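Q: pasting the sequence and the predicted model now:
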Amino acid sequence: MSALAGFWAARELWQAPLLASGIAGAMLGFLGVYVVLRRIVFVSAALTQVSTLGLVVGLFLEERLHIEAEHAHHQLGMAMGFAVVGALLLGAWRPRRLPAEASVGAAWVVASALVVLGIARLVHVSHDLSGMVFGNAVAVPPEELWLIGGVGLACAALHAAFGKELRFVSFDPETARALGMRVWLWDAIFSLSIGLAIPAAARVVGALPVFALLTLPAAAALLWRLRLGPALWAAGGFGVLSAVGGYLASWFGETPTGATMVALAALLVLPGAALRGRG
Amino acid sequence: MTTTPLISLRDAAVGYGRRPLLRAVNVQVRPGDFLALVGPNGGGKTTVLRSLLGALPLLGGAREQPRPVRVGYVPQRDHVDAVWPFTVGEVAAMGRTPGLGPLRRPGPADRAAVERALDRVGIAELRGRPYAELSGGQRQRTLIARALAAEPELLAVDEPTNGMDPAAELSTMEVLRALHGGGLAVVMVSHRLDAVVAHAVTLGFVDRERALFRVGPAAEMLRPGALAELYGREVEVREEAGRRVVLPAARGGGP
């Protein structure tokens, strides 16, 4: 049987993960434009770790309190709760005597350390958790496909409804505030969208690709000197290409899925970078 | 006849957190006024401006605004991140956002207001250009156009000539003077008295280090006694080639 025929024969295995990866790529690519332009790339890295920590805490509590443990939506709920609260806190809490990067760095390093400690204690799920962090979690049950689809739609709806406000407060919060706009509210709506998107996508593709998909497709699109509207669409498209292309390449090349997605996303940056390099 | 102030601060304490930077701030902005707040960098000028606009809660005293006032705000140019890939037209159109409110998209009236604003500051032909590719003077005009797109009664401008070459500074001040001449009330913050002395109707001197907040008609504030409070030394204002310049006071009467 040829590789293609084998691939088609196994379609029940890859259909849901491939579709979910595409949704994750589109959603993260789109949101990544805001992440890159708001200069909060490392906030997204910290939130990815914080959402994984939520998952670890959920599993830990389930184990210690002997709660029924294996419901994916409970775990995802914990991850989303942590990510949304983390996003709101990192957006709102700016210690006066420290640069903003200090709290972001602290959140990232503390969450990362606690995830490692959690993995060490939760031996029976450490393989799955490692997959989440490094991006091999590619078996997507139907309910998770529905969930990431729902999160994608929610993000799209928020940005379609409030796009002009989100653009204004992201571009020039000082003026927005001076004109009476509730900047904290719009920032919270933005934080909510990335706080929902990160854990939902991490569940599908893993934490490392989430960080990559929030950064590289946006960078690829912005290097083409597009206006914001087209850049959002292009970044969404590059996100889909990276996630879907990476999934397919990993299938045929028998390479780790998450790392392949990241590599493809990085490759997509090159044409724009070359264009910029020519001036 | 005196007109009702658009906005005023009465015996206000202004600052961030819980510590006032300045106390006993009394200032009014009337229709058609041109108030320039002058003082050293970090002296509290922008804090007073933000408090006046209601963007910063007062730590004491009162802010009075007898009726809703449409305000246009122009921030310091380098506070706006030019990495965003917006065109001049898109930046100017943001001026309509607060008035439109959520869920409403700009219509023909909004687009017409943006076009008028670009026209008023002389950059209509730049509407499709990326904001990031503009000169400092063009960016300043774009930000003024955005403020004008809201069809304001009061224009608040923070250090508009900061870092500009003399030609761009002159051109920006001409734009502000023309807008004021058209009936717009202007409140401008500057650390350079030179930049505003030819245009301001009312002057405010602000320096938190000296606990100084003094405001009055320009003619009164340009007297040596008031100027000495701001500069901490004897200075005078002279007319040279049709422009007013601030110079150290001559000693011993020689030129």
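A: All right, it came through fine. Numbers count the residues shown, from 1 in each chain, chains lettered A, B, ... in the order given.
Q: show me where chain A dips below the pLDDT cut-off.
A: Low-confidence segments of chain A, defined by pLDDT under 70: A:1, A:67-72, A:92-97, A:127-128, A:130-138, A:279.
Q: contact partners for the residue in chain A positioned nearest to chain B?
A: Nearest to chain B in chain A, going by C-beta to the nearest C-beta, is residue A:178, at a distance of 4.1 Å. Where C-beta positions appear, they are placed from N, C-alpha and C, glycine not excepted. By C-beta atoms under 8 Å, 6 or more residues apart in numbering or on different chains, the residues touching residue A:178 are B:50, B:53, B:55, B:71, B:73, B:75, B:156.
Q: go again using 7 Å as the cut-off
A: Residues near residue A:178 by C-beta atoms under 7 Å, 6 or more residues apart in numbering or on different chains: B:50, B:53, B:55, B:73.
Q: equivalent analysis for residue A:202, please.
A: Counting by C-beta under 7 Å, 6+ apart, residue A:202 touches A:48, A:51-52, A:132, A:210.
Q: and what of residue A:86?
A: By C-beta under 7 Å, 6+ apart, the residues touching residue A:86 are A:47, A:50, A:107, A:195.
Q: give me the element the second one is part of.
A: Spelled out, that is residue A:50. Assigned by DSSP states H and E, residue A:50 belongs to helix A:41-64.
Q: ok, the last one next?
A: Taking DSSP H and E as the definition, residue A:195 sits inside helix A:183-205.
Q: quick one: the residue lying closest to residue B:146 once chain neighbours are set aside from residue A:245, how far?
A: Excluding its sequence neighbours, the residue lying closest to residue B:146 (C-beta to C-beta, 6 or more residues apart in numbering or on different chains) is residue B:95, at 4.1 Å. The gap separating residue B:95 from residue A:245 is 41 Å, by C-beta to C-beta, to the nearest Å.
Q: which of the two has more residues huddled nearby?
A: More crowded of residue B:95 and residue A:245, by other C-beta atoms under 10 Å in any protein chain shown: residue B:95, with 27 against 20.
Q: so the more buried one touches residue B:150, yeah?
A: Yes. Contact criterion C-beta atoms under 7 Å: residue B:95 and residue B:150 qualify, at 4.5 Å.
Q: any shared contact partners between those two?
A: With C-beta under 7 Å, 6+ apart, residue B:95 and residue B:150 have common neighbours residue B:72.
Q: who's the spatially most central residue of chain B bridged to?
A: Central residue of chain B (C-alpha atoms, centre = their mean): residue B:188, 2.1 Å from the mean position. According to DSSP bridges, the partner residues bridging residue B:188 are residue B:36, residue B:157.
Q: again with residue B:10
A: Listed beta-bridge partners, residue B:10: residue B:62 (assigned using DSSP bridges).
Q: my read is that it contacts residue B:61, right?
A: Yes. Using C-beta under 7 Å, residue B:10 is in contact with residue B:61, at 5.7 Å.
Q: the two: which has the busier surroundings?
A: The neighbour count for residue B:10 versus residue B:61, taken as other C-beta under 10 Å, is higher for residue B:61 (18 against 14).
Q: residue A:251 versus the more buried one, what's the distance?
A: 69 Å.
Q: who in the stretch 1-150 of chain B is up against chain A?
A: Neighbours of chain A within the stretch 1-150 of chain B, by C-beta under 7 Å from any C-beta of the partner chain: B:50, B:53, B:55, B:71, B:73, B:75, B:79-81, B:83-87, B:94, B:97-98, B:102-103.
Q: just the buried ones out of those residues, please.
A: By neighbour count, with 16 or more other C-beta atoms under 10 Å in any protein chain shown, these hold B:50, B:53, B:55, B:71, B:73, B:75, B:80, B:84-87, B:94, B:97-98 as buried.
Q: can you report how many residues lie near residue B:182?
A: Other residues within reach of residue B:182, judged by other C-beta under 10 Å, total 9.
Q: so what's it up against?
A: The contact partners of residue B:182, by C-beta under 7 Å, 6+ apart, come to none.
Q: again with residue A:26
A: Contacts for residue A:26 were tallied using C-beta under 7 Å, 6+ apart; they are A:152, A:236, A:239-240.
Q: looking at the residues you listed, which has the most residues close by?
A: Tallying neighbours with other C-beta under 10 Å puts residue A:239 at the head of the contacts of residue A:26, with 34 neighbours.
Q: these two touch, right, it and residue A:31?
A: No. Contact criterion C-beta under 7 Å: residue A:239 and residue A:31 do not qualify, at 9.1 Å.
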